[in-house]
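**Student:** Sequence and predicted model, in that order:
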Amino acid sequence: MKVVVTVATINPRHGGPARTVPALCRALVRNGTEVELVTLAERRSDAPSIAATEFKATVIETDATRYQSRSWSVRFKKALMSALHANDAILYDVGLWLPANHFASTIARRTQTPFVASPRGMLSSHALEVAKWKKRVAWHLYQQSDLKRARVLHATSGHEAHDFHKNKLTQPIAIIPNGVDVPVRLPKHEASNRRTALFLSRLHPIKGLKDLVLAWDQVRPPGWRVVIAGPDEDGHRGEIESLIATLGLHADFEFAGSVDDEVKWKMFSSAELFVLPSYSESFGLSIAEAMAAGLPVITTCATPWEELHANRCGWWIEPGADSLANTLSLATKRSSAELREMGQRGCDLVRRNYSWDTTAKKMLAVFEWLIGQNEQPNWLV
């Protein structure tokens, strides 16, 4: 069996799938599967290269963006046709709405290749409100039929599976969470004269940063600061900085910008609390990474992390500034030792349930079922 994986970009500034897709490819290879990744890269971007020894990667370089397919569509389709020229090939496509996703579905139909679609949160109610009218048109023109063509839909959580049902998709759904890459040893904690609450994600309205600033203004916990790390999208950082200035919170907020993996884990190790008040997450990779680093987490019920409450390793709250303010007031009054105990429970949970090898084995069982080599696994519903 050969698994061909398609995703529009592996540039980390475009969110979690840019990191989780290569990680899944590596885990599939470790579990004995032939893998080829077909993706795009803007020549002027800072997207990382992929080590050729890990898995085969066909990267279509282009001066255009992933939205402008005229300059790269022929090369992308040709590469995909070539990759699928194998017995027992399966096509696994990540994302929605982009030309690359539509081409993947079209090529799967043309080659009669079993097709698995993984929307990664792109069908949530909040995500559908972004560029709402464009998505409504795209849904009726091609996106609905593309998804219905998939033999299996991959949801990274039960939340996301519910989104599929709301959109009247009736195929089998494989509910398989992402894995988490956990360093063997975390960097040494860097001392600071203030305790740190960390936000690490894309700077986008869907992530609830405005709520964080408004909530912090209500609480203003003494001895604490907020560090905001992640790539800016569509100028949202400017909006947040303006709000911080209006509320007179300059001294309480620090922007770190985009960070690489090495700096990211240093930031985790130097914080005492992780906050992601998001309005939509299909999985929430940064939440899992924060837990792996031993941080208690505050996030919302719009993320699939009810386990935070059940395992006493964080707070799973209603979205909104008032709810967040109440929780920040409680969390920032906890001692460092109490927060470390909560964080350790979260770390144990991630290491136990969210390894990439576990994820890869579950995905492989679904792929083998698709080509008749295995019985239907119980995580396929």
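**Tutor:** Happy to help now that I have it.

**Student:** Just the pLDDT for residue 171.
**Tutor:** Looking at residue 171, its pLDDT reads 95.

**Student:** and the spatially closest residue to it that is not a sequence neighbour, how many neighbours does it have?
**Tutor:** Nearest residue to residue 171, sequence neighbours excluded (Cβ to Cβ, 6 or more residues apart in numbering): residue 153, at 5.5 Å. From N, CA and C alone the C-beta is placed, and that goes for glycine too. When neighbours are defined as other Cβ atoms under 10 Å, residue 153 has 23 of them.

**Student:** part of a helix, is residue 153?
**Tutor:** No: read with DSSP: H, G, I helix; E, B strand; the rest coil, residue 153 is strand and lies in no helix.

**Student:** Surely it and residue 167 touch.
**Tutor:** No: using Cβ atoms under 8 Å, residue 153 makes no contact with residue 167, being 10.1 Å away.

**Student:** For residue 175, give me the backbone phi and psi.
**Tutor:** The phi and psi values for residue 175, taken as degrees, to the nearest 10, are phi -90, psi 100.

**Student:** no wait, residue 245
**Tutor:** phi -70, psi -40.

**Student:** if I look at it, how far off is residue 211?
**Tutor:** Per Cβ to Cβ, to the nearest Å, residue 245 is found 17 Å from residue 211.

**Student:** Give me the common contacts of residue 153 and residue 167.
**Tutor:** residue 147 (Cβ atoms under 8 Å, 6 or more residues apart in numbering).

**Student:** Please, where are all the helices along the stretch 51-200 of the chain?
**Tutor:** 73-83, 99-111, 125-129, 132-138, 144-149, 158-166 (DSSP state H, counting those that start in this stretch).

**Student:** For residue 185, find the nearest of the ones you listed.
**Tutor:** For residue 185, the closest of the helices of the stretch 51-200 of the chain is helix 158-166, at 32.7 Å, according to Cβ to Cβ.

**Student:** any idea which helix or strand comes after the helix or strand where residue 23 lies?
**Tutor:** Here residue 23 is covered by helix 17-30, with elements defined by DSSP states H and E. Once the chain leaves helix 17-30, the next helix or strand it forms, by DSSP H and E, is strand 34-42.

**Student:** Tell me the helices and strands packed up against the helix holding residue 23.
**Tutor:** Using 3 or more Cβ pairs under 8 Å, 6 or more residues apart in numbering; DSSP states H and E as the contact test, the elements touching helix 17-30 are strand 2-9, strand 34-42, helix 356-370.

**Student:** and the angle from it to helix 356-370?
**Tutor:** For helix 17-30 against helix 356-370, the angle by axes from the mean of the first three to the mean of the last three Cα atoms, to 10 degrees is 70 degrees.

**Student:** mind listing what's buried in helix 17-30?
**Tutor:** Judged by neighbour count using 16 or more other Cβ atoms under 10 Å, the buried positions of helix 17-30 are 17-29.

**Student:** Let me see the ranges of the helices in the stretch 251-381 of the chain.
**Tutor:** For the stretch 251-381 of the chain, the helices defined by DSSP H, counting those that start in this stretch cover 261-270, 285-292, 307-310, 321-331, 336-353, 356-370.

**Student:** export those to TSV and tack on distance to residue 278 and mean pLDDT?
**Tutor:** What follows is the helices of the stretch 251-381 of the chain, written out as TSV (distance: least, Cβ to Cβ, whole Å; pLDDT from 0 to 100):
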stretch	distance to residue 278	mean pLDDT
helix 261-270	18	91
helix 285-292	9	94
helix 307-310	13	94
helix 321-331	11	98
helix 336-353	17	94
helix 356-370	21	95
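
**Student:** which of those helices sits most buried?
**Tutor:** Greatest average neighbour count among those goes to helix 285-292 (a mean of 27), per mean count of other Cβ atoms under 10 Å.
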